[in-house]
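Visitor: The following comprises the amino acid sequence and a computationally predicted model.
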Amino acid sequence: MSKVDREHPLQGQTALITGASSGMGEVVARRFATAGAAVGVNYHSHSEAATKIVEGIKRNGGKAVALQADVSAEEKVHSLFATFMEAFGRIDILVANAGIQMDAPAAEMAVEQWRRVLDVNLTGQFLCAREAIRCFDQQKPSPRSKAAGKIICMSSVHQLIPWAGHVNYAASKGGLMLMMKTLAQETAQKRIRVNGIAPGAIRTPINRAAWKTPEAEADLLKLIPYGRIGEPEDVAEAALWLASDLSDYVTGATLFVDGGMALYPEFRDAG
């Protein structure tokens, strides 16, 4: 591919987005479809929401399929990729987005809460990335992409910023950061690109309590130097760039989409 089609930079490619029945995953799936990709909309339990997303993409002339799987279960991930490959014949892009929170102070956190968050957020992304790499290795390179395959790991500003009361979540995202970099190091010689996105405060249902009232939003904005809460579209555009040939020389990088939250705004006035 010598020149990027800036209107449809993913034309003729296929993308699997995990955790895509709502929030950032949904918007990424829709954006990739408008950019020309055939998309797999993975969901865990919200089949109706995933079906509506697929129907909407198809009404707009795109290609999509809804795929149920718990990404923390190895056999389910095998089946997820097998079904995706049956539908589209190949995979060019994986957006490993599925994630959960189960919050509690450390002294009160049950080991089941710790394990479930690590299983989904970290092990789940590993299982999907491993399966994607295996697929990339087995298929012929696409004339539509300079890379042999592209993986985007959805992380969080909390791969960098400690978060009291969320030790399992922060640990999962910190581990994800080094997992992503290690995969990138390991697979770059195969022309597989692996990158991460670290969103800050994004207006999604999972964090509604942080912005649903004017008072809560005002408190949140104290942590965001740019002065607004992020929208899922901000993340989707970053993911589109990382999935396209516009970022072909980028691998092993984390793109912070956070309005400056990771700049520790509390220290703007010398602490």
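Guide: Done, it's in. Residues are numbered from 1 along each chain as shown.
Visitor: any idea how far residue 224 lies from residue 116?
Guide: 29 Å (C-beta to C-beta, to the nearest Å). For every residue, glycine as well, the C-beta is placed using N, CA and C.
Visitor: When those two are compared, which one has more neighbours?
Guide: residue 224 (18 against 15; other C-beta atoms under 10 Å).
Visitor: where does that one fall, helix, sheet strand or coil?
Guide: Following DSSP: H, G, I helix; E, B strand; the rest coil, the label given to residue 224 is coil.
Visitor: for the one 3 residues further on, same thing?
Guide: In three-state terms, and counting by three-state DSSP, residue 227 is coil.
Visitor: residues touching it, list them.
Guide: By C-beta atoms under 8 Å, 6 or more residues apart in numbering, residue 227 lies in contact with 221, 259.
Visitor: Quick check: closest non-adjacent residue to residue 191.
Guide: residue 148 (4.3 Å; C-beta to C-beta, 6 or more residues apart in numbering).
Visitor: how many other residues sit next to the one you found?
Guide: Using other C-beta under 10 Å, residue 148 has 18 neighbouring residues.
Visitor: cool, and residue 200?
Guide: By the measure other C-beta under 10 Å, the count of residues near residue 200 is 23.
Visitor: so who does the closest residue to it other than its chain neighbours touch?
Guide: Counting by C-beta to C-beta, 6+ apart, residue 200 lies nearest to residue 258, which is 2.7 Å off, once chain neighbours are set aside. By C-beta under 8 Å, 6+ apart, the contact list for residue 258 reads 157, 198-201, 224, 230.
Visitor: What separation is there between residue 258 and residue 57?
Guide: To residue 57, residue 258 is 28 Å away according to C-beta to C-beta.
Visitor: Residue 139 too?
Guide: Counting by C-beta to C-beta, the gap from residue 139 to residue 57 is 23 Å.
Visitor: for residue 97, same thing?
Guide: 16 Å.
Visitor: mean confidence score for the helix or strand where residue 56 lies?
Guide: Using DSSP states H and E, residue 56 sits in helix 47-59. Taken as a whole, helix 47-59 has an average pLDDT of 98.
Visitor: Residues touching that helix, excluding its own?
Guide: 20-22, 26, 29-30, 33, 39, 41-43, 63-68.
Visitor: what about 10 Å?
Guide: Residues external to helix 47-59 that are found in contact with it (C-beta atoms under 10 Å, 6 or more residues apart in numbering): 17, 20-22, 25-27, 29-30, 32-34, 37-44, 46, 62-68.
Visitor: What ranges does the stretch 1-150 of the chain have for its helices?
Guide: Assigned helices in the stretch 1-150 of the chain, in chain order: 23-34, 47-59, 74-88, 111-118, 124-138 (criterion: DSSP state H, counting those that start in this stretch).
Visitor: contacting residues for residue 264?
Guide: By C-beta under 10 Å, 6+ apart, the contact list for residue 264 reads 160-161, 223, 225, 271.
Visitor: how does it look with 8 Å?
Guide: Applying C-beta under 8 Å, 6+ apart, we find residue 264 in contact with residue 161.
Visitor: Got phi/psi on it?
Guide: Residue 264 adopts backbone torsions of phi 50, psi 70, taken as degrees, to the nearest 10.
Visitor: Which pLDDT value belongs to the residue nearest to residue 40 when sequence neighbours are not counted?
Guide: Using C-beta to C-beta, 6+ apart and skipping residues adjacent in sequence, the residue nearest residue 40 is residue 16, 4.1 Å away. Predicted confidence (pLDDT) at residue 16: the value is 99.
Visitor: Same question for the one 3 residues further on.
Guide: Reported pLDDT at residue 19 in the predicted model: 97.
Visitor: Tell me how far it lies from residue 148.
Guide: Remark: distance between residue 19 and residue 148 (C-beta to C-beta) = 24 Å.
Visitor: Show me where the stretch 151-271 of the chain dips below the pLDDT cut-off.
Guide: Within the stretch 151-271 of the chain, the ranges that satisfy pLDDT under 70 run 271.
Visitor: show me where it has helices.
Guide: Going by DSSP H, counting those that start in this stretch, the stretch 151-271 of the chain shows helices at 167-187, 214-221, 232-243.
Visitor: tell me the most buried of these?
Guide: helix 232-243 (a mean of 22; mean count of other C-beta atoms under 10 Å).
Visitor: Thanks again, I'm all set now.
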